[in-house]
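I'll drop the sequence and a predicted model, then ask my questions.
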Amino acid sequence: MSNDYDLESQDLATSLETIAESEPLVHSVTNEVTMNDVANLILHWDALPVMADSEGDAGEMAELADAILFNTGQVPDRRVDAMHDAAETANELGTPIVLDPVGVGATATRRSVAEDLLESTDFAVIKGNYGEISALAGVEAEVKGVESVGDYEEIEDTARSLAESTGAIVVASGVEDVVATEDAVYRLAVGHEMLSTVVGTGCMVGGTIAAFRGALEDDFTAALHGALAFGLAGERAAETDYRGPASYRTAFHDTVAGLSGEDVADVDLGERIERVE
């Protein structure tokens, strides 16, 4: 891949080391289906997870957090209220929030929840699959449950459009991840097909980016490095002696827990990142 983004492998190594040194507190308001995996993965990145999903407690926890994750995989009123409570506090304090609009495009309820959050909240990063990002951008999309189906040949334009309208960095996850700012779009060639066989890996990407943003100062660097590190861990997990999706899931968590700056220092990221716009 040709690449004109000046990213040295050591920069990713430094990001991993920064997380380990700072141990950022990541407050997640997320769904119960993948809550345990998200919490564990945040911990395995050397950050500190906490899940506070009731109004009052969510806002109080936001006062302590270094980064916040909102995941719309389940949207009961109490959890939506908790998101708005935490968002108000976080925006007042300047604490970065990552939005994972799970299932947006599948139901009118989820779309309404996400749109209300976008209207009232400043987000550092928005991360979703191709279908979710397209639906959130107002582009025709097909989302079945929480899965993106169909073709998204214009995903780069769509992601940048959403970045322009929201001011957030946009990460569209798929066979190749797309990371977009208002001015540029990058496509990442990392990851492994086994990641798609495990429920919750998309949610774990959101937790990963939140962990990186809790330790790093820059939204774009956190989004890019988080997506890169997640994909590289997926590849390394596939090199282990796993027997199927369940053992691969365990291998992936173990790989993240053991991934250090030294492990990625010699990875040629110039072959993994392509500027497409």
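The structure has been received and is ready for your questions. Keep in mind that this is a model prediction, so the values were computed, not measured.

going by C-alpha atoms from here, please, whenever you check contacts or count neighbours.
Will do.

now do the contacts for the nearest residue to Y242 once chain neighbours are set aside.
Of all residues not flanking Y242 in the chain, Y248 sits nearest, at 5.3 Å (CA to CA, 6 or more residues apart in numbering). Taking CA atoms under 8 Å, 6 or more residues apart in numbering, we find Y248 in contact with M194, A237, A238, Y242.

switch to 10 Å and redo it
For Y248, the contact set (CA atoms under 10 Å, 6 or more residues apart in numbering) comprises M194, L195, T197, V198, G234, A237, A238, E239, T240, D241, Y242, D254.

weed out the non-buried ones from the residues you listed.
M194, L195, G234, A237, A238 (16 or more other CA atoms under 10 Å).

so which of the residues you listed is the closest to A159?
L195 (22.0 Å; CA to CA).

doesn't E235 make contact with that closest one?
Yes: contact status for L195 versus E235: in contact at 9.0 Å, counting by CA atoms under 10 Å.

overlap of the contact sets of those two?
F252.

okay, and G59 sits in which element?
In this assignment (DSSP states H and E), G59 forms part of helix 57-64.

send the alpha carbons of that helix over as CSV?
The C-alpha coordinates for helix 57-64 follow below in CSV (Å, rounded to 0.1, in the frame of the first residue of the first chain):
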residue,chain,number,x,y,z
ASP,A,57,-23.9,7.5,39.2
ALA,A,58,-23.1,7.9,35.6
GLY,A,59,-22.6,11.6,35.9
GLU,A,60,-20.5,11.3,39.1
MET,A,61,-18.3,8.6,37.5
ALA,A,62,-17.8,10.9,34.5
GLU,A,63,-16.2,13.4,36.8
LEU,A,64,-13.5,10.9,37.5
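
so how far is V171 from R111?
18 Å (CA to CA, to the nearest Å).

more neighbours: the two, which one.
Set R111 next to V171 and count neighbours by other CA atoms under 10 Å: V171 wins out with 32 against 20.

which helices and strands does the helix or strand hosting N40 pack with?
Per DSSP H and E: N40 is located in helix 35-44. Contacts defined by 3 or more CA pairs under 10 Å, 6 or more residues apart in numbering; DSSP states H and E place helix 35-44 against strand 25-29, strand 48-50, helix 201-215, helix 245-258.

report all helices and strands that the next helix or strand after the last one contacts.
Just to be clear, that refers to helix 245-258. Using DSSP H and E, the helix or strand that follows helix 245-258 in sequence is helix 261-264. Under the contact criterion of 3+ CA pairs under 10 Å, 6+ apart, helix 261-264 touches helix 9-22, helix 219-238.

out of these, flag the one nearest T30.
Nearest to T30, of all the helices and strands packed on helix 261-264, is helix 219-238, at 18.4 Å by CA to CA.

roughly how far out does that closest one sit from the chain middle?
Counting by CA atoms, centre = their mean, to the nearest Å, helix 219-238 is centred 10 Å from the centre of its parent chain.

okay, that helix in CSV with CA atoms only?
What follows is helix 219-238, C-alpha atoms only, in CSV (Å, rounded to 0.1, in the frame of the first residue of the first chain):
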residue,chain,number,x,y,z
ASP,A,219,-8.4,12.2,19.0
PHE,A,220,-7.0,11.1,15.7
THR,A,221,-4.0,9.4,17.1
ALA,A,222,-6.1,7.5,19.6
ALA,A,223,-8.6,6.4,16.9
LEU,A,224,-5.9,5.4,14.4
HIS,A,225,-3.6,3.6,16.9
GLY,A,226,-6.5,1.9,18.7
ALA,A,227,-7.8,0.5,15.4
LEU,A,228,-4.3,-0.6,14.4
ALA,A,229,-3.5,-2.2,17.7
PHE,A,230,-6.8,-4.1,17.7
GLY,A,231,-6.2,-5.4,14.2
LEU,A,232,-2.6,-6.4,14.9
ALA,A,233,-3.7,-8.3,18.0
GLY,A,234,-6.4,-10.1,15.9
GLU,A,235,-3.6,-11.2,13.5
ARG,A,236,-1.3,-12.4,16.3
ALA,A,237,-4.2,-14.3,18.0
ALA,A,238,-4.8,-16.2,14.7
